[in-house]
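K.L.:
quick one, fold the following:
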Amino acid sequence: MKSALLQSLFDEQESRPLTVSELNEQVKNALERGFATVWVEAEIVNFVAAHSGHWYFTLHDGDSQLRAACYVRNNLRIRFQPFDGLQVRVRGKLSVYQPKGEYQMLVESLEPVGEGALKVAFEQVKAKLAREGLFDEDLKRDLPFFPRRVGVVTSPNGAAFHDILNVLSRRTKTVDVCLIPTRVQGETAGEEIEAAIKLANKFNKNTTEKIDVLIVGRGGGSSEDLWAFNEERVARAIRNSEIPVISAVGHEIDFTIADFVSDCRAPTPSAAAEIVAESEDGIANFLVQRNQDLFQLIDYKLLESRSDLQELSMSPVFTEFPQEIKDWRYQIEDLTEQLRDIFLDILESKEQRLESLTNRISPLKLASRLNDKKTRLALLRQRQISAVEDVVNVRDERLKIRMASLGALSPLAVLSRGFSITETETGEILRDSEDVKENDNVKIRLARGTIKAKVLR
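P.N.:
Numbering: from 1, shown residues only. Model prediction:
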């Protein structure tokens, strides 16, 4: 047995040593498995913001320190810029930076600790957005005078939403409420509030029942509870909203970044509802007041009319007026009789004229007149034909005389008597023998036909 044990010792192969990289990798895997999620509260020292966007710093508690890194994909969600000396609460996991064999904490979220730190973070965000001009008064829009639909971005379970409903149901009858539910505190609250504001604006683009104004807020709480309304993402969503926004966060003494960037700030959610219902309430009060004024005016006019009536009833005009009415009646009767006589005369005259016209246009008389017109028309037609023939004969005689004159004067008539016309080859008429030379060709035109000849001498 001893020999077997000794033999096994000699047969066992020596284990292969690890490289530094392999050892660091194993330590890294063990740390990441064992410390996948840890919370650390400490003070930040040696903070560096690299050009790549990553943050590098050291967590220090007075006795020990721990290196930490927050990569850009995570620090984009952090709502403030860390700095040396800030007390923070950090969530992340432990890992190893293999090239140097140093263990570090990879930060996933970072929150300031204490009111002082929150105030610093608040001032950082406020200063940044102020430099960009997000708080300018020129960007703020007027609220609609008479909103019909109000969107509320808040928690459906919070007191703020119920306060808004109570005020609107008590003070207005025409405003519809559209709740866009979201969480209003916690790590992801800012992201959800931003998404809710964007959802309300998207809803407005796809429907005719548009939201006229948005109330964004929640009830009171600590500074940490209200912190979601200080986030930069929420401020930019409010400023980019096409719907006017009323911020209503916390109590009257609470101020958030949302209050500065919104179009109107209400000290409480109930006050925001009062602002929305103010126009309708004012109109209702105005109508009630005008109604009361109208009834008072009617009472005054009635009293004034009764007084005038009583004064008129005592006036002598009421005793004289009946007699005047009788006089007017007699005058009207006389005028009526005169008008009747005039109408009868006119009617008799018109009847006589009608009878005369009837006799003039009787069928027999019309037929006789038609025959006379036909006879006269036939006579005129015969005279016209004779006149045309006379004119044609005269013109024909004149034409014959002129043709005879033209025939006597025509060169062709001269040619028929034995004369001829001699022309050059170019067609010019020869009048002088000097115009041609020997051997020139000439053309002799006779009464019938032409002769081509050559000049001999």
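K.L.:
for the stretch 201-350 of the chain, what spans make up the strands?
P.N.:
213-218, 245-249, 264-265 (DSSP state E, counting those that start in this stretch).
K.L.:
present those as JSON lines; the columns should include distance to V113 and mean pLDDT.
P.N.:
To be clear about C-beta, it is placed using only N, CA and C from the backbone, and glycine gets the same treatment. As requested, these are exported to JSON lines (distance: least, Cβ to Cβ, whole Å; pLDDT from 0 to 100):
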{"stretch": "strand 213-218", "distance to V113": "23", "mean pLDDT": "91"}
{"stretch": "strand 245-249", "distance to V113": "22", "mean pLDDT": "90"}
{"stretch": "strand 264-265", "distance to V113": "28", "mean pLDDT": "90"}
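K.L.:
give the contact list for G190.
P.N.:
Residues in contact with G190, defined by Cβ atoms under 8 Å, 6 or more residues apart in numbering, are R79, W227, A228, F229, E231, R233, V234.
K.L.:
the fifth one reaches I238, doesn't it?
P.N.:
Pointing back at E231 there. No: counting by Cβ atoms under 8 Å, E231 does not reach I238; the two are 10.8 Å apart.
K.L.:
quick one: low-confidence ranges for the stretch 351-457 of the chain?
P.N.:
361-362, 407-416 (pLDDT under 70).
K.L.:
looking at the strands of the stretch 201-350 of the chain, which is nearest to V27?
P.N.:
Closest approach to V27 among those (Cβ to Cβ): strand 213-218, 45.8 Å.
K.L.:
kindly calculate the angle that the closest one makes with strand 245-249.
P.N.:
Put simply, strand 213-218 runs at 20 degrees to strand 245-249, going by axes from the mean of the first three to the mean of the last three Cα atoms, to 10 degrees.
K.L.:
which parts of strand 213-218 are buried?
P.N.:
Residues of strand 213-218 classed as buried: V213, L214, I215, V216, G217, R218 (neighbour count, 16 or more other Cβ atoms under 10 Å).
K.L.:
who's in contact with it?
P.N.:
Contact with strand 213-218 is made by 143-144, 147, 150-155, 158, 160, 164, 184-185, 193, 197, 200, 226, 229, 234, 238, 241, 243-250, 258, 262, 266, 269, 272-273, 276, as judged by Cβ under 8 Å, 6+ apart.
K.L.:
end to end, how far does stretch 417-432 reach?
P.N.:
In stretch 417-432, first residue to last residue: 22 Å (Cα to Cα, to the nearest Å).
K.L.:
next one: stretch 134-150
P.N.:
24 Å.
K.L.:
can you pull the buried residues of it?
P.N.:
Applying 16+ other Cβ under 10 Å to stretch 134-150 flags L134, F135, L143, P147, R149, V150 as buried.
K.L.:
so of the residues you listed, which ones are in helices?
P.N.:
Using DSSP state H to define helices, no part of these is located there.
K.L.:
torsion angles phi and psi at the nearest residue to Q65 once chain neighbours are set aside?
P.N.:
The shortest distance from Q65 to any non-neighbouring residue, by Cβ to Cβ, 6 or more residues apart in numbering, is to T58 (5.1 Å). T58 has phi and psi values of phi -120, psi 140 when expressed as degrees, to the nearest 10.
K.L.:
mind checking pLDDT for Q13?
P.N.:
If you check Q13, the pLDDT there is 51.
K.L.:
tell me where this structure has helices.
P.N.:
Per DSSP H, the chain carries helices over the ranges 2-11, 20-34, 72-75, 115-131, 159-171, 189-205, 232-240, 257-261, 269-313, 317-360, 363-409, 411-415.
K.L.:
for P99, find the nearest of these.
P.N.:
helix 20-34 (8.4 Å).
K.L.:
contacts only, for the most centrally placed residue in the chain.
P.N.:
The geometric centre of the chain, computed from its C-alpha atoms, lies nearest to K205 (Cα atoms, centre = their mean), at 12.0 Å. For K205, no residue counts as a contact, taking Cβ under 8 Å, 6+ apart as the criterion.
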